[in-house]
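> Build me a structure from this.
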Amino acid sequence: MGVIDIGSSSIRMAIAQITPKGEIRYLDNLHQAVPLGTDTFTIGGIRRETIEECVGVLSRFKRVLQEYGITESHSIHAIATSAVREAQNQDVFLDRVFIATGIEVEAIDEAEVNRLTFLVAQPLLAVTPALRKHPVLIVEVGAGSTELLVIEKDITTFSETYRLGALRMHEMLEAANAPSMRMRKLMQSSIQRTIEQMIHSVPVVGKVEMVVLGGDARFAVLQILGEKASGLLSSGEVMRLAVDKLAALADEITDLSTDELLQKYHMPVTDTEALGPALMTLAMMARAFGIATVHVSGITIRDGLLAEMASESIWTEKFEQQIIQSALDRGRKFGFDEPHGAHVADLSMQLFDQTTAIHGLGSKHRLLLRVAALLHEIGQQVSTRSHHKHSMYLIKHSELFGLSSREIGLIALVARYHRRAPPRPIHEGYATLDRESRIVVCKLAALLRTADALDRAHQQHIRRVESHVADRRLIITTPDAHDLTMERLAAKEKGSLFEQVYGLSVEFRSKATLDGDEQEP
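Residues are numbered from 1 along each chain as shown. Model (predicted):
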């Protein structure tokens, strides 16, 4: 397998062999500096010359892949982060790369980066006893942004991406053209503002640990602890670094000019420009959270990509738990009716599992339905009138861990259609979907409406349902409830969407009223 990471200051590729047992054996690593971030963070787009430079690098990488016998597209995963994602000419860049090299690059969003970070951080935390006792901040200061995850007892309690990137900060300060001392103060002020946001948002109390990722942190390990420590990092060891020494190195680096850094450390220009801001950010963050020693790890986003490719499915039970917890946290923030939301989600899962033959959707869609069911009435806290539209808005503008903006958009629409009018081409959000996504929204919304009707009174007295198709009807039996008057009224009100989508009317029956022949599926 080959994985390629197009970052803000360089393009990196890792080649590895994945054994039948899912073990990853690294074979090669390549790295080439390319100033993508310099373009995007100064002029808003990627210059033609830089695009062609990237094409040249990726063409060479493609030849290396071919030498290893890696030619199938499913064996190559290429991603791009903030510099490409934020570029005004993103599509031009991605199309040019594909035409010239045949490599399809995916510009991933912040949620995807956080998901990949979680994927590689979990095993690290599991084998490091010092990181099991307290909440752990996982931090990477990249060239374009800073990623922050908080993991406590195997659960991600917070994830956020801040537009505080080391190269972005350098370009901003260069544009200010201020004296060096003034530049340092501006840099510290910019970092401090973001850290204050973090302190206000991060849900931790008491002692925390901090795990630092990224090339700048690995550079600090090499300078402070020596070459041997850097080798241990490469072998998977986690190194401890005193924050006072990290801060001293940050001060030293910041005092040097770009030419002096190039002469002393022999690194690419873009790396030297980002180094001082990155180390200063890490030191200031650690001190703000009262941390005296940070843990530095050599894991990268490419490890996450390979772990994903080695896994049969990324939607593991543990990963789904992270997403559900994030949805619950969002709902609680707005004081939603959690018993009702959780109950409708449970009924939705029962209906989804019992009707797989008619909806034909997969495990990822099951999760999207569950999140939509949990949050379908979150808009009640804004206004009971048109609360389904408020639910859509609140979900659409939420950060839900592990879910891309597209997936969150689908969840928002499913929640929006739990009541009132069915999906229409003129509706906001729905109108811009492709056909496949429109069908997914309709199928999931129809299931959600049915589950919601089963808890019309918000009393959770229907715990279990049994569903089967007979005579063009979906007959839903409730073994633990007999009086279904309110639920039948709700089904009559909401059931038209199910019939429109699946061609089946919905009928609720209690176990006691079923005739023997009707019980046969």
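
> Please count neighbours and contacts with C-alpha atoms only from this point.
OK.

> Okay, and the residue nearest to the spatial centre of the chain sits in which element?
Residue closest to the average C-alpha location in the chain (C-alpha atoms, centre = their mean): Ala111, at 2.3 Å. Assessed by DSSP states H and E, Ala111 sits inside helix 110-126.

> burial measure for Glu175, as a count.
That one is not Glu; residue 175 is Ala. 10 (other C-alpha atoms under 10 Å).

> sorry, back to before: would you check that the residue nearest to the centre of the chain makes contact with Gly402?
Yes - when contacts are counted by C-alpha atoms under 8 Å, Ala111 is listed as touching Gly402 (5.6 Å).

> Helix or strand with the lowest mean pLDDT in this protein?
Using mean pLDDT, DSSP states H and E, the weakest-scoring helix or strand in the chain turns out to be helix 227-234, at a mean of 77.

> Return the alpha-carbon coordinates of that helix using PDB.
Coordinates of each C-alpha in helix 227-234 appear next as PDB, following Å, rounded to 0.1, in the frame of the first residue of the first chain:
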ATOM      1  CA  GLU A 227      20.000  11.600  18.100                       C
ATOM      2  CA  LYS A 228      19.400   8.400  20.100                       C
ATOM      3  CA  ALA A 229      16.000   9.800  21.300                       C
ATOM      4  CA  SER A 230      15.000  10.500  17.700                       C
ATOM      5  CA  GLY A 231      15.700   6.900  16.800                       C
ATOM      6  CA  LEU A 232      13.600   5.700  19.700                       C
ATOM      7  CA  LEU A 233      10.700   7.900  18.400                       C
ATOM      8  CA  SER A 234      11.000   6.300  14.900                       C
END
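
> which parts of it are buried?
Judged by neighbour count (16 or more other C-alpha atoms under 10 Å), helix 227-234 contains these buried residues: 229-230, 233.

> Throw the residues you listed into JSON lines and include distance to Leu347, thanks.
Output for those, formatted as JSON lines (distance: C-alpha to C-alpha, whole Å):
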{"residue": "Ala229", "distance to Leu347": "53"}
{"residue": "Ser230", "distance to Leu347": "52"}
{"residue": "Leu233", "distance to Leu347": "47"}
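
> Out of the residues you listed, the closest to Thr156 would be?
Leu233 (24.4 Å; C-alpha to C-alpha).

> any idea how far Ser159 is from the closest one?
25 Å (C-alpha to C-alpha, to the nearest Å).

> contacting residues around Leu261?
Contact analysis of Leu261 by C-alpha atoms under 8 Å, 6 or more residues apart in numbering lists 253, 267, 272.

> and the helix holding Ala111, what other elements does it pack with?
strand 146-152, strand 155-162, helix 301-310 (3 or more C-alpha pairs under 8 Å, 6 or more residues apart in numbering; DSSP states H and E).

> The same query, at a cut-off of 6 Å, please.
helix 301-310 (3 or more C-alpha pairs under 6 Å, 6 or more residues apart in numbering; DSSP states H and E).

> Could you give the average pLDDT over the helix it packs on?
Mean pLDDT, helix 301-310: 88.

> Then stretch 320-336?
pLDDT averaged over stretch 320-336 gives 92.

> how far out from the middle of the chain is it?
Its chain's C-alpha centre and that of stretch 320-336 lie 15 Å apart, by C-alpha atoms, centre = their mean, to the nearest Å.

> Kindly report the same for stretch 115-129.
Worked out by C-alpha atoms, centre = their mean, stretch 115-129 lies 15 Å from the chain centre.

> Flag the shaky bits of this protein, pLDDT-wise.
176, 178-180, 312-315, 495, 512-521 (pLDDT under 70).

> now the host helix or strand of Val441, how far from the centre of its chain.
Using DSSP H and E, Val441 maps to helix 435-453. Computed by C-alpha atoms, centre = their mean, the separation of helix 435-453 from the middle of its chain amounts to 23 Å.

> just so I have it, where are all the strands in this structure?
2-6, 10-18, 24-33, 76-80, 105-107, 136-141, 146-152, 155-162, 209-213, 239-242, 293-296, 466-470, 473-478, 505-510 (DSSP state E).

> out of these, which comes closest to Ala310?
Nearest to Ala310, of these and by C-alpha to C-alpha, is strand 10-18 at 6.3 Å.

> what's that closest one packed up against?
Using 3+ C-alpha pairs under 6 Å, 6+ apart, the elements in contact with strand 10-18 are strand 2-6, strand 24-33.

> For that strand, give me every contacting residue.
By C-alpha atoms under 6 Å, 6 or more residues apart in numbering, the residues outside strand 10-18 that reach it are 1-5, 24-34.

> Deepest-packed of the helices and strands packed on strand 10-18, please.
strand 2-6 (a mean of 25; mean count of other C-alpha atoms under 10 Å).

> by contact count, what packs against that strand?
Strand 2-6 packs on strand 10-18, strand 76-80, going by 3+ C-alpha pairs under 6 Å, 6+ apart.

> Look up the residues forming beta bridges with the nearest residue to His77 once chain neighbours are set aside.
Take His77 and drop its neighbours on the chain: the residue closest to it by C-alpha to C-alpha, 6 or more residues apart in numbering is Val3, 4.8 Å away. Beta-bridge partners recorded for Val3 (DSSP bridges): Ala14, His77.

> Nearest to Gln381 among the helices and strands packed on strand 10-18 would be which one?
Closest among these, using C-alpha to C-alpha: strand 2-6, at 41.7 Å.

> The helices and strands packed on strand 2-6: which one's closest to Asn177?
Among those, the nearest to Asn177 by C-alpha to C-alpha is strand 10-18 (25.3 Å).

> tell me how far that closest one is from the chain's mean position?
Computed by C-alpha atoms, centre = their mean, the separation of strand 10-18 from the middle of its chain amounts to 21 Å.

> Stretch 13-27 now?
24 Å.

> buried residues in that stretch?
For stretch 13-27, burial by neighbour count (16+ other C-alpha under 10 Å) applies to 13-18, 24.

> any idea which of the residues you listed is the one closest to Gly362?
Taking the buried residues of stretch 13-27 together and measuring to Gly362 by C-alpha to C-alpha, the closest member is Ile18, at 25.5 Å.

> All good on my end, thank you.
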